[in-house]
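1. predicted coordinates and the sequence they were generated for:
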Amino acid sequence: MRWQIEGFIFCDQQQSLTHNAKVQQLEPILVELLSYFCNHPDRIISRDELVEVVWLGRTVTDSAVNRAITKLRRCLGDDPKVPRFIATFPKKGYKFIASADKSMSDQPNSLLQKQSSEQTTTPNSKGHPRQAFYIVLAIISVFIVLFWFKPNSDTSTLLTMAKPLTRSGGQEWQPRISPDQQYLTYTAIVANKMQLFIKQLSDGSTVEVMYSDDPQAWVGPASWNSSGNKLVYLVATKDYCRYYIRSFAAMKIGEPQLIHNCPAGSYGKIAFSHSDDFLIFTERTATDSPYVLFGFDLTTGQKRRLNQPALILGGNASFDLHPTQNKLLVSSVDEQMWEGFYAINLDTDELKLLFKLDSYICCGIWDHSGKRVVLMGEHPAVQLISYDLQGKDRQVLYAGSQQLYAPERHANGRDYLFPAGRNNLDINFYSFTSRDITQITTTSVDDRLAVVSPQQDKVAYIGLATGTEEIWIADSYGSNQRQLTRFNDQRHYLDLKWSTNGATLAGLTLNEIHLIDMNTNQSRVLTIPQTEIRALSFKDEHTIYYSVKQDGQWLVKQYNTLTDQVSGMDHKWQYVRFDADAANTLWVDQQNNLYTGAAAEPAETFQLHKPEIMTGRNFNVRKLGKYWYWQQWDNDRYQLYKMGPEHKQPAPVVRSDSPHFDLSAQGIYYHSAERRDTDVFQTVTMK
């Protein structure tokens with residue numbers, strides 16, 4: 001929708017506020033807030049009402065509401081003492097007092113654009129009367145198609161609403177509806193561990209599926225059998241992994257029956273097939289190895305490895321059973337980091353590739369007909385989308401404002417379940433001298449991958465304030481924030497690195513390296529094959545080093561940005577991370593031994609502690625002069641440690657909510673999250 005608000009144009013689809021040709025990008029929460037004000041002008045709206053409809057009933061503090069109102073006023077240039085837009089009524093709420101009119105020139109947010117990836121364009125110039133005519137005609141045509149004609153049974157309905165099934169103020173995930181549609185199982189992160197619950201939808205009562213032998217164990221996810229009288233689920237800690245079955249009837253749970261011991265650190269997933277005697281599950285041999293799919297015969301107690309896609313990155317952790325046939329849909333990346341969707345026939349063990357997408361997407365499931373694939377939209381996912389089995393005929397099943405996660409089919413044969421919520425990862429700075437913590441960013445969405453410039457006067461980071469991942473720049477203490485890029489696409493960054501003179505940023509995405517010129521904001525992609533890339537760093541202004549896998553080994557490559565030539569290093573090395581101070585350069589050999597300095601001297605003192613050198617695609621270990629820094633996963637967060645000559649043991653510094661951190665001579669840039677509220681939602685198909 002596009003609104004005319006006094007001298008402003010507000011477009012909720014583009015998340016923009018325009019005044020005198022100047023465009024402001026709004027945070028998603030401000031878009032929701034302003035949209036609600038526009039739809040309910042000239043009446044007092046209480047805080048409780050705002051929390052209910054804008055924050056969807058989540059537990060938020062008064063200061064969070066105040067902060068959002070203050071930010072919105074600032075965007076509108078509104079003075080709270082002499083308001084023109086938002087008036088405060090103490091102890092009552094807020095009133096939107098400006099005139100807000102729906103604009104007919106709503107081309108960027110037309111219904112046609114919202115529901116289709118195809119856009120109708122005309123050769124006419126902006127503002128031409130014929131252009132407005134075509135827009136109105138397109139809108140009318142869409143309404144005719146959607147409301148006058150009933151779609152056939154093989155086509156998903158494109159317009160849906162969503163309603164919450166959980167409202168616990170925490171993180172609810174992995175929903176499953178019982179076959180009789182009476183019960184919901186879901187997991188929740190409570191007190192830094194995963195718990196499994198069953199909710200009776202008719203009255204909202206819940207029961208926890210507990211593991212009495214170990215109160216610290218993580219429990220879930222779970223799966224129903226086809227009759228709805230049995231549950232199979234996971235119980236795991238870092239020391240063990242177990243799958244159990246229990247009977248269920250009218251909120252009464254039977255005694256647990258251990259059916260399989262999986263390797264410690266698996267934290268996998270298990271599901272019934274169409275037969276109660278055969279299950280499908282995933283496990284991995286170690287915490288850093290990929291997931292493998294197995295079938296398990298309860299009558300014989302035997303497991304068999306299924307024929308499945310090659311094991312890349314996390315392997316084959318995402319699978320879904322066909323609604324009527326004995327086959328699986330598996331989502332799995334290939335060596336180019338393209339997401340592939342495969343069908344496995346459980347009777348014949350035949351593996352078939354359906355289609356691939358070069359996108360950061362995940363977790364495909366069969367639709368209710370079994371003739372299409374439903375999955376999350378491209379990052380950051382706010383849509384459920386659907387493709388046919390050839391990867392074509394893209395349809396939007398649901399579009400919202402919150403980030404959503406892996407969907408599941410509803411037992412009613414038409415709707416879907418999915419977790420959704422708002423993430424808020426902020427950037428903090430810890431000072432070495434004062435030990436004070438300064439908040440660098442305060443938006444209501446994720447800001448991450450903070451990296452300090454070589455001159456240590458600027459910080460670059462990835463921000464989602466515009467709804468897509470863009471690069472932002474701020475002073476080293478967070479002032480003078482500005483948006484550097486305006487790509488407005490679905491790229492997903494895994495790492496950022498400054499060049500040695502601070503003139504260029506290198507951004508690592510799923511399978512590419514992007515160079516962004518700080519002066520012109522222009523970008524280009526390095527001409528290297530699409531693949532998994534690790535350990536990105538600049539050695540000098542025009543030489544980038546990175547690692548790729550060849551013949552089962554990680555090897556270091558160097559890329560000259562002037563000539564676009566690629567060459568290799570000694571095969572002794574898996575990874576290298578260059579630093580402006582050569583003494584802080586890090587090397588890792590093929591035996592995972594760590595070396596440091598320009599001459600690659602063994603880091604013998606540090607080797608005694610043996611933390612993880614790499615976290616995913618990035619170095620987890622850093623060196624700054626005589627001190628070492630690294631993070632270690634601890635009770636659902638990362639603990640950052642420091643080790644120097646005066647330390648007999650690693651000294652804890654700060655706790656972080658991200659595996660990424662960066663160092664300057666003054667301190668540490670790291671990330672913390674506000675409590676992440678994620679609820680389970682159900683689509684409600686419009687009839």
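-> Cool, got the structure.
2. alpha carbons only for contacts and neighbour counts from here, please
-> Fine.
3. residue 366: what's its closest spatial neighbour, skipping adjacent residues?
-> residue 373 (4.8 Å; Cα to Cα, 6 or more residues apart in numbering).
4. swap in residue 29?
-> Nearest one to residue 29, counting by Cα to Cα, 6+ apart, is residue 444 at 6.9 Å.
5. surely the one you found meets residue 31?
-> No - using Cα atoms under 8 Å, residue 444 is not in contact with residue 31, being 11.4 Å away.
6. tell me how far residue 525 lies from residue 506.
-> 10 Å (Cα to Cα, to the nearest Å).
7. next, show the common contact partners of those two.
-> The contact sets of residue 525 and residue 506 overlap at 513-515 (Cα atoms under 8 Å, 6 or more residues apart in numbering).
8. how is the protein divided into domains?
-> Residue ranges for the domains of the chain, per automatic domain parsing: 2-103, 160-422, 425-673.
9. closest one to residue 682 among those domains?
-> With Cα to Cα as the criterion, residue 682 lies closest to domain 160-422 of the domains of the chain, at 4.5 Å.
10. contacting residues for the nearest residue to residue 193 once chain neighbours are set aside?
-> Closest residue to residue 193 apart from its sequence neighbours, by Cα to Cα, 6+ apart: residue 218 at 5.7 Å. By Cα under 8 Å, 6+ apart, residue 218 lies in contact with 193-195, 234-237.
11. swap in 6 Å and give it another go.
-> Residue 218 sits next to 193-194, 235-236 when contact means Cα atoms under 6 Å, 6 or more residues apart in numbering.
12. pull up the per-residue confidence for it.
-> For residue 218, the pLDDT comes out at 93.
13. the one 4 residues further on too?
-> Residue 222 carries a pLDDT score of 96 in this model.
14. what about residue 664, distance to residue 439?
-> As for residue 664, its distance to residue 439 is 16 Å (criterion: Cα to Cα).
15. more crowded one of those two?
-> More crowded of residue 664 and residue 439, by other Cα atoms under 10 Å: residue 664, with 19 against 16.
16. show me where the chain has its helices.
-> Ranges of helices in the chain, per DSSP state H, are 28-39, 47-53, 62-76, 111-115, 129-148, 604-607.
17. what pLDDT, on average, does the second one get?
-> Computed over helix 47-53, the mean pLDDT rounds to 83.
18. could you do the third one as well?
-> The predicted model assigns helix 62-76 a mean pLDDT of 87.
19. do the fourth one as well
-> The average pLDDT within helix 111-115 is 31.
20. using CSV, list the CA coordinates for stretch 213-223.
-> C-alpha atoms of stretch 213-223 as CSV (Å, rounded to 0.1, in the frame of the first residue of the first chain):
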residue,chain,number,x,y,z
ASP,A,213,17.1,-39.1,33.4
ASP,A,214,18.9,-35.8,32.6
PRO,A,215,17.2,-32.4,33.1
GLN,A,216,19.9,-30.7,31.0
ALA,A,217,19.2,-32.8,27.9
TRP,A,218,17.7,-31.2,24.8
VAL,A,219,14.4,-32.8,23.8
GLY,A,220,12.9,-32.6,20.3
PRO,A,221,11.9,-32.3,17.5
ALA,A,222,9.1,-34.9,17.3
SER,A,223,7.0,-36.5,14.6
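21. so how far is that stretch off the chain centroid?
-> From the chain centre to the centre of stretch 213-223 is a distance of 24 Å (Cα atoms, centre = their mean, to the nearest Å).
22. now it: buried residues?
-> Using 16 or more other Cα atoms under 10 Å as the test for burial, stretch 213-223 gives 217-223.
23. next: stretch 232-247.
-> 232-237, 241-247.
24. tell me which two in these are the farthest apart.
-> The span of the buried residues of stretch 232-247, defined through Cα to Cα, is set by 237 and 247 at 23.4 Å.
25. next one: residue 588 from residue 313, what distance?
-> From residue 588 across to residue 313, the span is 20 Å (Cα to Cα).
26. the two: which has the busier surroundings?
-> Taking other Cα under 10 Å, residue 588 and residue 313 do not tie; residue 588 has more neighbours (21 against 17).
27. return, as residue ranges, the portions of the stretch 501-650 of the chain with sub-threshold pLDDT.
-> Scanning the stretch 501-650 of the chain with the threshold set as pLDDT under 70 gives 605-609.
28. now the closest residue to residue 682 other than its chain neighbours, which residues is it bridged with?
-> Once flanking residues are discounted, residue 682 sits nearest to residue 417: 4.5 Å by Cα to Cα, 6+ apart. Residue 417 has these beta-bridge partners by DSSP bridges: residue 408, residue 682.
29. what segments of the stretch 201-350 of the chain are strands?
-> For the stretch 201-350 of the chain, strands defined by DSSP state E, counting those that start in this stretch occupy the ranges 206-209, 218-224, 230-236, 241-249, 252-253, 257-262, 270-272, 278-283, 292-297, 302-305, 318-321, 327-333, 339-345.
30. for those strands, which one sits closest to residue 171?
-> Here strand 218-224 is closest among those (Cα to Cα), at 13.5 Å.
31. what angle do the closest one and strand 241-249 make?
-> For strand 218-224 against strand 241-249, the angle by axes from the mean of the first three to the mean of the last three Cα atoms, to 10 degrees is 50 degrees.
32. report the angle between strand 218-224 and strand 230-236.
-> 160 degrees.
33. local confidence estimate at the residue most central in space within the chain?
-> Nearest to the geometric centre of the chain sits residue 380, at 6.3 Å (Cα atoms, centre = their mean). If you check residue 380, the pLDDT there is 81.
34. how close does it sit to residue 502?
-> Residue 380 is 28 Å from residue 502, by Cα to Cα.
35. same question for residue 455.
-> Counting by Cα to Cα, the gap from residue 455 to residue 502 is 7 Å.
36. for those two, work out which one has more neighbours and name it.
-> Higher neighbour count among residue 455 and residue 502: residue 502, with 17 against 12, using other Cα under 10 Å.
37. contacting residues for the more buried one?
-> Counting by Cα under 6 Å, 6+ apart, residue 502 touches residue 453.
38. the one 3 residues further on too?
-> Contacts for residue 505 were tallied using Cα under 6 Å, 6+ apart; they are 497-498, 515-516.
39. ok, back up a step: okay if I get the domains of the chain as TSV plus distance to residue 679?
-> Below are the domains of the chain laid out as TSV (distance: least, Cα to Cα, whole Å):
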stretch	distance to residue 679
domain 2-103	9
domain 160-422	5
domain 425-673	17
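40. so which of those gets nearest residue 685?
-> Using Cα to Cα, the nearest of the domains of the chain to residue 685 is domain 160-422, at 4.6 Å.
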